[in-house]
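*Asks:* no letters, just coordinates:
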């Protein structure tokens, strides 16, 4: 039996995501925030927790470590990026690359701490 390639589905999903994101482009704005603050600590800690939890959930399926890392870090970053895109719309605090940087650092730390505990 021939399996369907994943690429057409991937392209359709990316296209849909771009359309949904661009739907609010008229009101898209960036945050003027500092590198430090309570908000940044929340981004770091929540991303670390999400990454560790998603990695653990994937590890329970006895999946390879590479897949565990992709799922754990990917879930955390997807949620963090989604939050920033929501903030970028009208009435929000604005899209912050600094928040994304803390999300990345937290996701990598959460994955690393989970691996170190095993």
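*Replies:* Structure received. These numbers come from a predicted model, not from an experiment. Residues are numbered from 1 along each chain as shown.
*Asks:* the residue most central in space within the chain - nearest residue in space that isn't next to it in sequence?
*Replies:* Centroid-nearest residue in the chain: residue 77, 1.3 Å away (criterion: CA atoms, centre = their mean). Closest residue to residue 77 apart from its sequence neighbours, by CB to CB, 6 or more residues apart in numbering: residue 107 at 5.5 Å. C-beta coordinates here come from the backbone N, C-alpha and C atoms, glycine included.
*Asks:* and residue 96, by the same measure?
*Replies:* Using CB to CB, 6+ apart, the closest residue to residue 96 is residue 31 (4.0 Å).
*Asks:* quick one: contacts for the one you found?
*Replies:* Residue 31 makes contact with 87, 93-96, 98-99, according to CB atoms under 8 Å, 6 or more residues apart in numbering.
*Asks:* ok, residue 58 next?
*Replies:* Applying CB under 8 Å, 6+ apart to residue 58 gives the contacts 67-68, 71-72.
*Asks:* considering these, which possesses the most neighbours?
*Replies:* residue 72 (26 neighbours; other CB atoms under 10 Å).
*Asks:* pretty sure it contacts residue 110?
*Replies:* Yes. Assessed by CB atoms under 8 Å, residue 72 is found in contact with residue 110 at 7.1 Å.
*Asks:* hey, what's in contact with both of those two?
*Replies:* With CB under 8 Å, 6+ apart, residue 72 and residue 110 have common neighbours 51-52, 55.
*Asks:* wait, which of those residues is closest to residue 61?
*Replies:* residue 55 (11.3 Å; CB to CB).
*Asks:* check what pLDDT that closest one gets.
*Replies:* For residue 55, the pLDDT comes out at 89.
*Asks:* that one is in contact with residue 69, isn't it?
*Replies:* Yes. Counting by CB under 8 Å, residue 55 touches residue 69, with 7.0 Å between them.
*Asks:* where does the chain dip in pLDDT?
*Replies:* 1-11, 13-14, 16-27, 63, 65 (pLDDT under 70).
*Asks:* show me which helix runs longest in it.
*Replies:* Among the segments of the chain that qualify as a helix by DSSP state H, the longest is helix 65-88.
*Asks:* related to what we said a few turns ago, can you give me the neighbour number for the residue nearest to residue 77?
*Replies:* Quick note: residue 107 (other CB under 10 Å) scores 30 neighbours.
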